[in-house]
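A.B. asks: sequence-free structure coming up:
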């Protein structure tokens with residue numbers, strides 16, 4: 001099995017077309033097809049169903065695909081780590097973060113890192129924690145900020161908890177509210193703006209309400225984080241959100257939960273079987289330095305606590321109705 005054969009296989013899997021794959025890999029189409037046939041003979045199974053205008057993966061191709069992605073990503077990481085020996089004057093850093101974490105301290109850390117290492121190419125993947133964990137496993141990203149408990153118990157990941165954040169109820173400032181704090185039961189008769197399927201905040205809120213003996217009423221559902229906050233600002237309803245996302249939303253008020261306050265733990269994660277690149281190590285150092293300084297100066301948003309180096313307990317990590325994927 002040759003590395004170039006894997007490159008050709010991945011190109012065909014992505015384009016679902018032999019000619020376009022040949023163009024993407026800068027090789028003649030007959031040569032690409034020949035190498036794919038050689039790979040299939042070596043593996044003893046066809047990798048593609050070949051029909052005119054419709055190339056699809058066989059079950060064997062589906063099995064092979066994630067391994068090829070990981071192999072090629074690791075090869076590229078190795079190449080870049082060798083280049084990084086030139087004191088981080090060039091290279092690439094692939095970071096992942098959930099949408100609610102892509103602002104605030106994370107953005108400031110990116111700016112600080114860019115100032116220190118302007119030659120490093122920055123690639124940001126904004127996605128949910130489960131998707132980021134999968135991309136870490138495939139070698140598609142180097143380092144990710146994910147939320148607990150998604151990462152816990154996964155032996156393929158090395159994680160360091162860095163922040164603990166309270167959840168709050170977002171309400172529009174234009175609407176008078178008689179409560180200074182919320183209990184889950186207080187959500188019973190209030191219209192909720194609800195995230196789309198796949199958000200842990202959605203499942204967490206629904207589970208908490210069901211445990212309290214009721215099914216919440218939705219004013220509107222299906223939004224991403226920015227959409228949900230905008231809908232609350234427009235007066236469509238209220239929403240359970242991480243307190244950090246309310247920092248730059250002057251039209252919204254974050255009403256805290258009465259104790260026990262639901263929280264989520266944010267962690268930095270990378271694969272255990274691959275040493276982080278120097279760029280990833282430097283970014284992690286930059287982020288922790290920034291968070292530590294902000295913590296000492298009282299510069300972290302309300303409801304956010306710096307916990308780098310500590311291990312969350314079950315109550316702290318969001319095991320009971322506290323986890324958010326975004």
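C.D. replies: Received it, and whenever you're ready, just let me know what you need. On a predicted model such as this, the values are computed, not experimentally measured, just so you know.

A.B. asks: could you measure from the residue lying closest to residue 244 once chain neighbours are set aside over to residue 128?
C.D. replies: Of all residues not flanking residue 244 in the chain, residue 301 sits nearest, at 5.1 Å (C-beta to C-beta, 6 or more residues apart in numbering). The way it works is simple: take the backbone N, C-alpha and C, and place the C-beta from them, glycine included. Residue 301 sits 21 Å away from residue 128, going by C-beta to C-beta, to the nearest Å.

A.B. asks: cool, and residue 283?
C.D. replies: 21 Å.

A.B. asks: burial of the residue nearest to residue 244, as a residue count?
C.D. replies: Residue 301 has 19 neighbours, counted by other C-beta atoms under 10 Å.

A.B. asks: now it, what's its secondary structure?
C.D. replies: Assigned state for residue 301: coil (three-state reduction, DSSP: H, G, I helix; E, B strand; the rest coil).

A.B. asks: the one 4 residues further on too?
C.D. replies: Classification of residue 305 using three-state DSSP returns strand.

A.B. asks: please give me every residue in contact with it.
C.D. replies: By C-beta atoms under 8 Å, 6 or more residues apart in numbering, residue 305 lies in contact with 163, 164, 165, 295.

A.B. asks: ok, the second one touching residue 307?
C.D. replies: Yes. With contact taken as C-beta atoms under 8 Å, residue 164 and residue 307 are classed as touching, separated by 5.2 Å.

A.B. asks: between the two, which contacts overlap?
C.D. replies: Overlap of the contact sets of residue 164 and residue 307 (by C-beta under 8 Å, 6+ apart) consists of residue 265.

A.B. asks: that older thread, now do the phi/psi pair for the residue nearest to residue 244.
C.D. replies: As for residue 301, its main-chain torsions (degrees, to the nearest 10) stand at phi -60, psi 160.

A.B. asks: who has more neighbours, residue 283 and residue 128?
C.D. replies: Each of residue 283 and residue 128 had its neighbours counted (other C-beta under 10 Å), and the higher figure belongs to residue 283 (25 against 20).

A.B. asks: that one belongs to a strand?
C.D. replies: No. Assignment of residue 283 by three-state DSSP gives helix, placing it outside any strand.

A.B. asks: was I right to think it contacts residue 95?
C.D. replies: Yes. Because the distance of 6.9 Å satisfies C-beta under 8 Å, residue 283 is recorded as touching residue 95.

A.B. asks: mutual contacts of those two, please.
C.D. replies: Shared contacts of residue 283 and residue 95, defined by C-beta under 8 Å, 6+ apart, comprise residue 143.

A.B. asks: check residue 4 and give its pLDDT.
C.D. replies: Here, the pLDDT recorded for residue 4 equals 92.

A.B. asks: from residue 231, how far off is it?
C.D. replies: Using C-beta to C-beta, residue 4 is found at 50 Å from residue 231.

A.B. asks: what does residue 129 give?
C.D. replies: According to C-beta to C-beta, residue 129 and residue 231 sit 23 Å apart.

A.B. asks: repeat for residue 214
C.D. replies: For residue 214, the distance to residue 231 (C-beta to C-beta) stands at 22 Å.

A.B. asks: neighbour count winner among those two?
C.D. replies: Counted by other C-beta under 10 Å, residue 214 and residue 231 do not tie: residue 231 has more neighbours, with 21 against 13.
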